[in-house]
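S.K.: structure for the following, please:
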Amino acid sequence: MPTRLPRSLAVLMDPIGQVKPYKDSTLAMLLEAQRRGWSLHYVEQGDLALRQGEPWARLRPLTVRDDAYDWFSLGDAQWQSLTRQRLILARKDPPLDAEFLYDTQVLERAAEAGAMVLNPPQALRDCNEKLYALRFPQCCAPTLVARRRDELRAFAAEHGEIVLKPLDGMGGRGIFRSAAHDPNLNVILETLLGADQRFAIAQKFIPAIREGDKRILVVDGEPLPYALARIPQGDEFRGNLAAGGRGVGVPLSERDRWIVAQVAPDLRRRGLLFVGLDVIGDWLTEINITSPTCIRELDGQYGLNIAGLLFEAIERRLT
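M.R.: Sure thing, here's the model as predicted:
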């Protein structure tokens, strides 16, 4: 590693005191980095700035522990140039709103100065997690992205049951299951589209959701051998863990591996080292690059060290 920069890491994330440590993937990464001798610094969204075009941050020294009740300690904050950081983990949750967009501009300046930003700011801007999947239509079920309710109603009439969701959601929030004959379809469309001024995405309903919405983690273009199938519970159709889904590890199928092979070259081209593909049945539904999760669940079920694999990939890039 270049001697001009120490093994110093800054993490941009949502408030660390509000995470669930037993399942938080960012904490898993920080624990691994600390084990490998990286010094850690904590940054929230309000801690970023540009001074004469140079990226700065209000950094707080961070120590982490694998403890469900006492998982971090923070030191005193100090404004420093982000160009002193060798690695920046951009792990703030979606949505990629205007403020998050501005954050990526600050992080871009740090990357131009030599810091490694994971995942890269340009990719964070370019790869909406629902729209990016549509760059691989051979992997996706029938899908429509539109602002007009008449187009989405026609899609429902063509495909029967559909799933509707906003482009900027996460954790299963704002997702509706509907159909052309659903008396609630109009109000669902009004909720998502407003007066036909916001995009929504409609996908043909995939009955295989009862077997789980699989999260496939991809590290430096290579998939983990197991996915976490997030299985809906009770009358709920959403498998997201945040919506009450149950996470069960499953080996990758041949179709899963084929989907990863379709997507991986573009992930590598964009420098996306850590990505989560969402697959229902045979179909890719999302490509998560902003703050993919499920490290802790798969580590626990299979005795893996996914963050270790990620840091091996990071350190290969930095040598």
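S.K.: ramachandran angles for Arg316?
M.R.: phi -60, psi -40 (degrees, to the nearest 10).
S.K.: apologies, that question was intended for Cys294.
M.R.: phi 90, psi 10.
S.K.: that one touches Ile216, doesn't it?
M.R.: No: using CB atoms under 8 Å, Cys294 is not in contact with Ile216; the gap is 9.2 Å. (Each C-beta comes from the backbone N, C-alpha and C, glycine too.)
S.K.: what is in contact with those two at once?
M.R.: Gly276 (CB atoms under 8 Å, 6 or more residues apart in numbering).
S.K.: which stretches of this protein form helices?
M.R.: For the chain, the helices defined by DSSP state H occupy 25-35, 98-112, 121-126, 149-159, 185-193, 254-269, 295-302, 306-318.
S.K.: contact partners of the first one?
M.R.: Read it as helix 25-35. Contacts to helix 25-35, defined as CB under 8 Å, 6+ apart, come from residues 9, 11, 13, 16, 19, 21, 40, 62-66, 71-72, 87, 89, 91, 291-296, 299, 305-308, 310-311.
S.K.: just those residues: which are in strands?
M.R.: Secondary structure defined by DSSP state E assigns Leu9, Val11, Leu40, Leu62, Thr63, Val64, Phe72, Leu87, Leu89 of the contacts of helix 25-35 to strands.
S.K.: related to what we said a few turns ago, please work out which of the helices of the chain is packed deepest.
M.R.: helix 25-35 (a mean of 22; mean count of other CB atoms under 10 Å).
S.K.: state the mean pLDDT of that helix.
M.R.: For helix 25-35, mean pLDDT is 98.
S.K.: pull it out as PDB, backbone CA atoms only.
M.R.: Taking Å, rounded to 0.1, in the frame of the first residue of the first chain, the C-alpha atoms of helix 25-35 are listed here in PDB:
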ATOM      1  CA  SER A  25     -23.600  -5.300   7.200                       C
ATOM      2  CA  THR A  26     -21.800  -2.000   7.600                       C
ATOM      3  CA  LEU A  27     -20.800  -3.000  11.200                       C
ATOM      4  CA  ALA A  28     -19.500  -6.400   9.800                       C
ATOM      5  CA  MET A  29     -17.300  -4.500   7.400                       C
ATOM      6  CA  LEU A  30     -16.000  -2.200  10.100                       C
ATOM      7  CA  LEU A  31     -15.200  -5.100  12.400                       C
ATOM      8  CA  GLU A  32     -13.200  -6.700   9.600                       C
ATOM      9  CA  ALA A  33     -11.400  -3.500   8.800                       C
ATOM     10  CA  GLN A  34     -10.500  -3.000  12.400                       C
ATOM     11  CA  ARG A  35      -9.300  -6.600  12.700                       C
END
